[in-house]
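Engineer: What follows is a predicted structure for the sequence shown.
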Amino acid sequence: MTASSAAPRARIHAGAHRGHPLWIVWLVHRLSGLALALFLPVHFLVLGLALNDPAALDGALRWMDNPWVKAAETGLVLLLGLHLFGGLRLLALEFLPWSPRQKTFAAAAVALACAISAGFLLSAV
Amino acid sequence: MTDDIDTLAVEVWRGDARGGGYVAYAVPRRESQTVLDVVTWIQHNAEPALAYRFACRVGMCGSCAMTVNGAPRWTCRTHVRRVAKAGRLRIAPLRNLLVIRDLAADMAPFFDKWTEAGGTFAPTATRDEPAAEIPPETPERAAADAGIECINCAVCYAACDTVAMAPDYLGPAALNRAWTLLNDARDGGQAGRLKAVSGDNGCANCHSHQSCADLCPNGLNPTAAIAGLKRRAGRAWLRGGA
């Protein structure tokens, strides 16, 4: 098998198998995870200001009251919801008895994430 | 749409494992025409040296799968009307396999993986003993029945992005086969099979893209089979086994 993987492959046009709803949900889960991984160090750095530089933290918190920051935070909540519910969907897929309603579960995960981020936005404005 | 067109613009990949490219052909449009009909027309009328593979032409043998407009399909039962956009077809060999020549891919690694995944039935009785009675309504038999109509066409294997990223991964077809045997009460090779599908190249690699289920021409769901294997392997791991 290793020999076959090392050998050259023909360059062919083949990507149309992607793009169905469950593939897109996989991609969204992966990208939301990457985006959250980039956000979290910044998040912890800002929280760390409470120990080292409370005045700077106060400044950061005032800056976060800007409407466009609230909009960006709504995006973050959406990413968090997509990753959380997408992950729960995957756990259910792998550890619970198989259900043929995979697309319904995927749609529910996206809908819950949207609802939570919309709730965050409404409470922030 | 394609129905109003009397000539199809077809691009066929020609070459071998060292490389190749698409060659254009104009093919007459026919009623109820399949993609395999198109390829056969090209070989009979335009390019006698074109290499491709087919046998039964009725969706049973699984030998005619190719990449059609970017997605793997069984060509004998894929109607041109369903896949051609504005009368255009682009036909290539299956992805994730080496090309032998033109549209014929080397299926050896695909079948080697069936063996590697423990896809061989291990009988526990001889022909002299009475036939085993397997009630069809048992959950195990129902799980096996859901996957046994595989025709080995490798459409799922070509559609699998995990195989593309990890070429040694056993792939959806081999794991689906292993799942049907794991649920076969007559089989005696379960311990070795569970170990085979739980290894580095086994079921845990699956990212659940579900393209295999989306494109399986027989409507099987290898992702469901692999999820079953993950549960079975996880349980065995918790018990200190494979």
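Structural biologist: Here it is on my side, so go on.

Engineer: Tell me where chain A has helices.
Structural biologist: A:2-6, A:21-52, A:54-63, A:67-95, A:102-124 (DSSP state H).

Engineer: contacting residues for B:S208?
Structural biologist: Counting by Cβ atoms under 8 Å, 6 or more residues apart in numbering or on different chains, B:S208 touches A:22, A:26, A:90, A:93-94, B:223, B:226-227. Quick note: C-beta positions are derived from backbone N, CA and C, even for glycine.

Engineer: residue nearest the centroid of chain A?
Structural biologist: For chain A, A:S32 is the residue whose C-alpha lies nearest the centre (Cα atoms, centre = their mean; 2.5 Å).

Engineer: correct me, but that one touches A:G86?
Structural biologist: Yes - contact criterion Cβ atoms under 8 Å: A:S32 and A:G86 qualify, at 7.0 Å.

Engineer: and the residue nearest to the spatial centre of chain B, what does it touch?
Structural biologist: Geometric centre of chain B, nearest residue: B:A154, 2.1 Å, by Cα atoms, centre = their mean. With contact set as Cβ under 8 Å, 6+ apart, B:A154 has these partners: B:62, B:65, B:72, B:94, B:97, B:105, B:107, B:110, B:173.

Engineer: Next one, pLDDT for the residue lying closest to it once chain neighbours are set aside please.
Structural biologist: If you skip the residues right next to it in sequence, B:A154 has B:F110 as its closest partner in space, 5.1 Å away by Cβ to Cβ, 6 or more residues apart in numbering or on different chains. pLDDT recorded at B:F110 is 98.

Engineer: number of nearby residues for B:F110?
Structural biologist: B:F110 has 22 neighbouring residues, counting by other Cβ atoms under 10 Å in any protein chain shown.

Engineer: likewise A:P54?
Structural biologist: Using other Cβ under 10 Å, A:P54 has 10 neighbouring residues.

Engineer: Report the contact partners of it.
Structural biologist: Applying Cβ under 8 Å, 6+ apart, no residues contact A:P54.

Engineer: What distance do you get for it to chain B?
Structural biologist: Going from A:P54 to chain B by Cβ to the nearest Cβ, to the nearest Å gives 44 Å.

Engineer: Could you do A:G86 as well?
Structural biologist: Counting by Cβ to the nearest Cβ, the gap from A:G86 to chain B is 11 Å.

Engineer: so what's the nearest residue to that residue once chain neighbours are set aside up against?
Structural biologist: Distances taken as Cβ to Cβ, 6+ apart put A:H29 closest to A:G86, at 3.7 Å, once the chain neighbours are dropped. A:H29 sits next to A:82-83, A:86-87, A:90 when contact means Cβ under 8 Å, 6+ apart.

Engineer: can we see that at 10 Å?
Structural biologist: By Cβ atoms under 10 Å, 6 or more residues apart in numbering or on different chains, the residues touching A:H29 are A:82-87, A:89-90, A:106, A:109, B:207-208.

Engineer: got these as CSV, with pLDDT and distance to B:R239 columns?
Structural biologist: Output for the contacts of A:H29, formatted as CSV (pLDDT from 0 to 100; distance: Cβ to Cβ, whole Å):
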residue, pLDDT, distance to B:R239
A:L82, 98, 35
A:H83, 98, 31
A:L84, 98, 30
A:F85, 98, 31
A:G86, 97, 30
A:G87, 97, 26
A:R89, 97, 27
A:L90, 96, 23
A:A106, 97, 32
A:A109, 97, 31
B:H207, 96, 26
B:S208, 96, 24
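
Engineer: on that earlier part again, got any residues that touch both of A:S32 and A:G86?
Structural biologist: Shared contacts of A:S32 and A:G86, counting by Cβ under 10 Å, 6+ apart, come down to A:A113.

Engineer: what residues are up against the closest residue in space to A:L57 that isn't next to it in sequence?
Structural biologist: Among residues not flanking A:L57 along the chain, A:L49 sits closest, at 3.8 Å (Cβ to Cβ, 6+ apart). Going by Cβ under 10 Å, 6+ apart, A:L49 touches A:55-61.

Engineer: which stretches of the chain aren't confidently modelled?
Structural biologist: The chain I'm using is chain A. Chain A contains residues with pLDDT under 70 at A:1-11.

Engineer: meant chain B actually
Structural biologist: Applying pLDDT under 70 to chain B flags residues B:1-3, B:241-242.

Engineer: now the strands for chain B?
Structural biologist: For chain B, the strands defined by DSSP state E occupy B:7-16, B:19-28, B:65-68, B:71-74, B:88-92, B:99-101, B:104-105.

Engineer: ok, the third one near chain A or not?
Structural biologist: By that I understand strand B:65-68. Yes - counting by Cβ under 10 Å from any Cβ of the partner chain, chain A has neighbours in strand B:65-68: B:66-68.

Engineer: any idea which of the residues you listed is closest to B:R186?
Structural biologist: Proximity of those to B:R186 (Cβ to Cβ) peaks at B:M66, which lies at 35.9 Å.

Engineer: wouldn't the closest one be in contact with B:L103 here?
Structural biologist: Yes - B:M66 is in contact with B:L103 according to Cβ atoms under 10 Å; the separation is 5.3 Å.

Engineer: With neighbour numbers in mind, choose between those two.
Structural biologist: Shown here are B:M66 and B:L103; by other Cβ under 10 Å, B:M66 has more neighbours (29 against 26).

Engineer: and the more buried one, what does it touch?
Structural biologist: A:12, B:12-13, B:35-36, B:39, B:52-54, B:72-75, B:78, B:91-95, B:102-105, B:155, B:158.

Engineer: Can you tell me which of these are buried?
Structural biologist: Neighbour-count burial (16 or more other Cβ atoms under 10 Å in any protein chain shown) applied to those gives A:12, B:12-13, B:35-36, B:39, B:52-54, B:72-75, B:78, B:91-95, B:102-105, B:155, B:158.
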